[in-house]
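**Q** structure of the sequence below:
(chains A and B)
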Amino acid sequence: MSQDNRSVTSALSEAGISGANAAALELKDLRKSFGKTEIIRGVTLSIAQGERHALIGPNGAGKSTLFNLISGRFPPSSGSIRLLGSEVTGRRPFEINRMGLARSFQITNIFQRLSVFENLRCAVLWSLGYKYSFWRNLNKLSDARERAEEVLRRIGLKRRRNIAAGLLTYAEQRALEIGITIAGGASVILLDEPTAGMSRGETASAVALIREVTQGKTLIMVEHDMGVVFDLADRISVVVYGEIIASGPPAQIRANAKVKEAYLGHHAEAA
Amino acid sequence: MNDGSLSYRPINLGRWIIWGGTLVLFIVLPLIFKQGFARTLLAQMGILIIFALSYNMLLGQTGMLSFGHAVYSGLGAYFAIHTLNLIGAHQVVFPVSLVPLVGAVFGMVFGVVFGYPTTQKSGTPFAMITLGIGELVFACSLMFPGFFGGEGGISGNRTVGGNFLGIKGLNFGPDVQVYYLIAFWCFVSMIAMYAWTQTPLGRIANAVRDNPERVEFIGYNTQRVRWLVLILSSFFAGLAGGLSAINFEIVTAENVSALRSGGVLLAAFIGGMLFFFGPIVGAVVFSFFAIALSDITKAWQLYLGAFFVLLVMYAPGGLSSLILMNLRVMSFGKMKRLRDPYLGVALAGLTLLVGVVLLIELTYHLTLEAGGASTITMFGFPLDAHGRETWTFVIAMLAGGGLAFEYMRRRFKQEWDAIHVEIEDWARENPEQA
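**A** The predicted model follows:
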């Protein structure tokens, strides 16, 4: 497995050097303070297109804050964020989304009263160019319907199509959360703890789902389950106290003494 | 399990039947109710239906609680009445039948102007700003008597346009002609507002209601969504205002007041905001309270308030959700089990209601008409407001009715809840049929 990952990574880095393709995401000396407390303390990170990148680190290290900065939920205090070569620092979430980045949330964030199908249809509307249209009949937009049905099938919720999203089981809601994230066809996908709170069986199917739906896309995920991380990621960055202390392919991270000390050690013992 | 193709229905026969039935109802209602009073009631119901539906575009569909929606209907009404007067002075040539559209357009213009700062915020700040703008416009209505007509308001004459399409006698003078004008615009607005719920903006509005934060991450600017919905909603509010200008031939500051804004909120809530037809039911019931009941008793607002409180407590989804839940029970063939509980609740409730009505009416009689006769006629019986027997009877009805009602209510609730749990269990096990 790790050999496999290494070859992907090296292929990617070669492509990065030789190709004119911009990085999927480039963070430069990113900082964020809440009041006097600096939560993100100078993060610099480059993620290539097509890479599967995992952010790991202890609770409160700033992984979710980093996601919130990248996706535009909060503006950074300083530093810059480039998405697919364009500057997005300080832009609002919907602008960043339109430029090709979509994210999921750690705490399920769906449209509770809408049906599962409507949740997904809402998520595809902007990318299909329907914008704020109030003159088109939604039910006649066959492309929106087909794309929503397609995502519905991929996340395995076909049987739950017409149920209010709020009535789904937890694992189903997590699947829908991923479905909403990928439905718009964004090429950079941020998943915030996609398997949190899941049973072993549910986690396995979630990993299969993530692998399937992020095919050919850039994936950045925050994840606590090391099995999932080492299974999915091409590269891993370790965040501790708002800084990236190490970044590299899984085998390298596993061997890194600093990482072991700061974080992995406890988990390895626990596991 | 037919690959989901079953779930796609290009033609919805039921929808045609409902809209056709509504149209027929609109046409025949004034033929059944010929008294002037009934027709006045119907006309006002029509106007309130448009207003309440437009309000529900905000509250029920987009989750925006506005305390100032009368601003848009009221300003629309002012522009409509000025247009009528301009037509009367031969300064403009414009058909009276289209004057409501003038109200609509100006309602919308103010939706654009006031809506922009208002919709920058959501939730409580939004509600507070609407309250502020409502007060601001109301204050202006007294500060600029040239446009608003001061305390007396602006009057007009709806017959100034002469005959509609040259048809003799069709000048919107008679009540029934105004009714049909209102009914026409009401029907058109209902269809337009329903159609809106089936558009991309309509659906994203629902998403904004459920979870505004997530909407920002699927490419939509929630401020823009709220603003656009408010603009569209104020168009229909202005239309309702234009119709009320024609109907009453007068527009006063009351039209833009917080009282009017509160009224439409009550109407929408009573009917229920979760379903499209809820505000229609609410508008009908509210008009009934405000017009029919106010003719019978001075205490109508007290009854309306009590009704509202009961509804919020026991059926927060409003009358429409009560109707739909009963239809659901019926469609599962479980209504038989509710027959006895319903009968019990109805009898006990009626007893309690008689007691409450007597208490309120007698108290009103004693305090407001202290110098008048001591007997009043209630439910066909003469009652002595000072009589000991009267009050013994009232207390007996209140106590007996209250106890019986609480008992019956509990019994009913038990059976009701049990039935709905059964239905939901079934739905969970048979998702594709639910």
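
**Q** how's chain B carved up into domains?
**A** B:5-262, B:332-429 (automatic domain parsing).

**Q** of all the ones you listed, which lies closest to A:Ser86?
**A** Comparison of these against A:Ser86 by Cβ to Cβ identifies domain B:5-262 as nearest, at 15.9 Å. No exception for glycine: its C-beta is placed from N, CA and C like everyone else's.

**Q** which residues in the stretch 201-350 of chain B form helices?
**A** B:212-216, B:222-248, B:258-271, B:278-287, B:294-296, B:300-314, B:318-331, B:335-368 (DSSP state H, counting those that start in this stretch).

**Q** average pLDDT for the third one?
**A** Summarised as a single mean, pLDDT over helix B:258-271 is 96.

**Q** what of the first one?
**A** Per-residue pLDDT values over helix B:212-216 give a mean of 96.

**Q** for the closest residue to A:Val43 other than its chain neighbours, give its distance to A:Leu69.
**A** Distances taken as Cβ to Cβ, 6 or more residues apart in numbering or on different chains put A:Leu30 closest to A:Val43, at 4.5 Å, once the chain neighbours are dropped. Counting by Cβ to Cβ, to the nearest Å, the gap from A:Leu30 to A:Leu69 is 6 Å.

**Q** distance from stretch B:30-39 to the middle of the chain?
**A** 21 Å (Cα atoms, centre = their mean, to the nearest Å).

**Q** pLDDT on it, on average?
**A** 90.

**Q** mind pulling up the pLDDT for the residue in the stretch 1-150 of chain A that chain B sits nearest to?
**A** Chain B sits closest to A:Trp126 of the stretch 1-150 of chain A, with a gap of 3.2 Å, by Cβ to the nearest Cβ. A:Trp126 carries a pLDDT value of 97.

**Q** who's in contact with it?
**A** A:94, A:97-98, A:184, B:218-220 (Cβ atoms under 8 Å, 6 or more residues apart in numbering or on different chains).

**Q** phi, psi of it?
**A** Here is the backbone geometry of A:Trp126 (degrees, to the nearest 10): phi -60, psi -40.

**Q** any shared contact partners between A:Leu30 and A:Leu69?
**A** Shared contacts of A:Leu30 and A:Leu69, counting by Cβ under 8 Å, 6+ apart, come down to A:40, A:76, A:81.

**Q** got CSV for those residues, with distance to chain B and neighbour count too?
**A** CSV is the format used below for the shared contacts of A:Leu30 and A:Leu69 (distance: Cβ to the nearest Cβ, whole Å; neighbours: other Cβ atoms under 10 Å in any protein chain shown):
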residue, distance to chain B, neighbour count
A:Ile40, 20, 28
A:Pro76, 17, 23
A:Ile81, 16, 25
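
**Q** I'd like the residues you listed as CSV, with pLDDT and secondary structure appended.
**A** CSV is the format used below for the shared contacts of A:Leu30 and A:Leu69 (pLDDT from 0 to 100; DSSP: H, G, I helix; E, B strand; the rest coil):
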residue, pLDDT, secondary structure
A:Ile40, 96, strand
A:Pro76, 96, coil
A:Ile81, 97, strand
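
**Q** which single one of those residues is nearest to A:Ala171?
**A** Of these, the one sitting nearest to A:Ala171 (Cβ to Cβ) turns out to be A:Ile40, at 31.2 Å.

**Q** separation between B:Gly156 and B:Leu42?
**A** 22 Å.

**Q** dump the residue contacts of the residue nearest the centre of chain A.
**A** Centroid check for chain A by Cα atoms, centre = their mean gives A:Leu190 as the closest residue, at 1.5 Å. When contacts are counted by Cβ under 8 Å, 6+ apart, A:Leu190 touches A:67, A:70-71, A:101-104, A:181, A:220-221.

**Q** narrow those to those in strands?
**A** Using DSSP state E, the subset of the contacts of A:Leu190 located in strands is A:101-103, A:220-221.

**Q** before we move on, back to that, mean neighbour count, the domains of chain B: which tops it?
**A** domain B:5-262 (a mean of 20; mean count of other Cβ atoms under 10 Å in any protein chain shown).

**Q** where does the stretch 151-271 of chain A dip in pLDDT?
**A** A:263-271 (pLDDT under 70).

**Q** would you say the residue nearest to the centre of chain A is within a strand?
**A** Yes: looking at A:Leu190 with DSSP: H, G, I helix; E, B strand; the rest coil, it is inside a strand.

**Q** pull the contacting residues for the closest residue to it other than its chain neighbours.
**A** Of all residues not flanking A:Leu190 in the chain, A:Arg103 sits nearest, at 3.8 Å (Cβ to Cβ, 6+ apart). When contacts are counted by Cβ under 8 Å, 6+ apart, A:Arg103 touches A:67, A:70-71, A:181, A:189-192, B:217.

**Q** out of the residues you listed, which end up buried?
**A** Buried by 16 or more other Cβ atoms under 10 Å in any protein chain shown: A:67, A:70-71, A:181, A:189-192, B:217, out of these.

**Q** of those, closest to B:Ala70?
**A** B:Phe217 (35.1 Å).

**Q** okay, the one residue in the stretch 151-300 of chain B that gets nearest to chain A: pLDDT?
**A** Going by Cβ to the nearest Cβ, chain A is nearest to B:Gly219 of the stretch 151-300 of chain B, at 3.2 Å. Looking at B:Gly219, its pLDDT is 96.

**Q** how close does it sit to A:Glu177?
**A** Taken as Cβ to Cβ, the span from B:Gly219 to A:Glu177 is 17 Å.

**Q** no further queries at this time; thank you.
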